[in-house]
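Participant: give me the fold of what follows.
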Amino acid sequence: RRKNNFFLTMIRHTSFKHGWFYHYRHHTEKSSQLCSDKFLPLKDYLDEMHDRCPDEHFIKGPRSSKLRMSLGIDTVHVTGHEISSIASVSHEHLSYKSAHSRVQVYMLENDQTTLAVEVPIWLMPDELIGFNELFDSDEPLSGHIDALRVEDGKIWIWDYKPNAKKEKYATTQVFFYAYMLSCRTKIPLSDFRCGYFDEEHTYMFKPELGQLVGCVR
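Facilitator: Numbering: from 1, shown residues only. As a prediction, the model looks like this:
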């Protein structure tokens, strides 16, 4: 069931029209608790995006979710992971039309480590060597993180992918999500972990800059 009204008041909600409508939500109490010390810049970023998101960076340019290139990243594959179980339960409790919304809102309201969903992020061309050649564009790379968690001293970037085992480029998508958020917050990439999942399968990896070497379109 959904949490009581007091709990829900801790969730800030801002809608963005970034080509499509994205519903950015973040849990203020959990971000205050989990984003201490070296992760304080993440809390500041989550707060700031409600009022100071640069919408112009999301109008043109490449989208991380549309990238069709392989970074050759090896993942750890787990069945029955906690996050897959959460995804399964979410469909029984919420009436949102899309599976994405059901999973995201349920995680934010019920999972103690989920801080935010649909988090807007971007990367400027001068923030990555070879940006123009890699993306064939001089416009910012942009995206929206499905779910952001903090656990075991790491920031986890998660993307919900129905039929996750059939995904070819999900690792590329979430790698750049992590890289973009690292650039925005100045938190080292070594403090991030990445993953994508459905109700049964979960795939995880540690993002590293060396994974950009030998990128194949």
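
Participant: how about the residue nearest the centre of the chain, nearest residue that isn't a chain neighbour?
Facilitator: In the chain, the residue lying closest to the centroid (Cα atoms, centre = their mean) is I145, at 2.5 Å. Closest residue in space to I145, ignoring its immediate chain neighbours: V119 at 4.1 Å, by Cβ to Cβ, 6 or more residues apart in numbering. Any C-beta I mention is one placed from the backbone N, CA and C, and that applies to glycine too.

Participant: who are the neighbours in contact with that neighbour?
Facilitator: Applying Cβ atoms under 8 Å, 6 or more residues apart in numbering to V119 gives the contacts Y24, H26, L46, M49, H144, I145, L148, L181.

Participant: ok, Y177 touching W158?
Facilitator: No: shown here, Y177 and W158 do not form a contact pair, counting by Cβ atoms under 8 Å, at 9.2 Å.

Participant: tell me, what's touching these two both at once?
Facilitator: Contact criterion Cβ under 8 Å, 6+ apart; residues shared by Y177 and W158: I145, C194.

Participant: quick one on the thing from earlier: is it correct that the residue nearest to I145 falls within a strand?
Facilitator: Yes: V119: assigned to a strand according to DSSP: H, G, I helix; E, B strand; the rest coil.

Participant: burial of K30, as a residue count?
Facilitator: K30 has 21 neighbouring residues, counting by other Cβ atoms under 10 Å.

Participant: how close does it sit to T113?
Facilitator: Per Cβ to Cβ, to the nearest Å, K30 is found 8 Å from T113.

Participant: how about C215?
Facilitator: From C215 across to T113, the span is 31 Å (Cβ to Cβ).

Participant: what of D55?
Facilitator: Taking Cβ to Cβ, one finds D55 at 29 Å from T113.

Participant: quick one: contacts for D146?
Facilitator: By Cβ under 8 Å, 6+ apart, the residues touching D146 are H100, V103, Q104, V117, E118, W158, D159, Y160.
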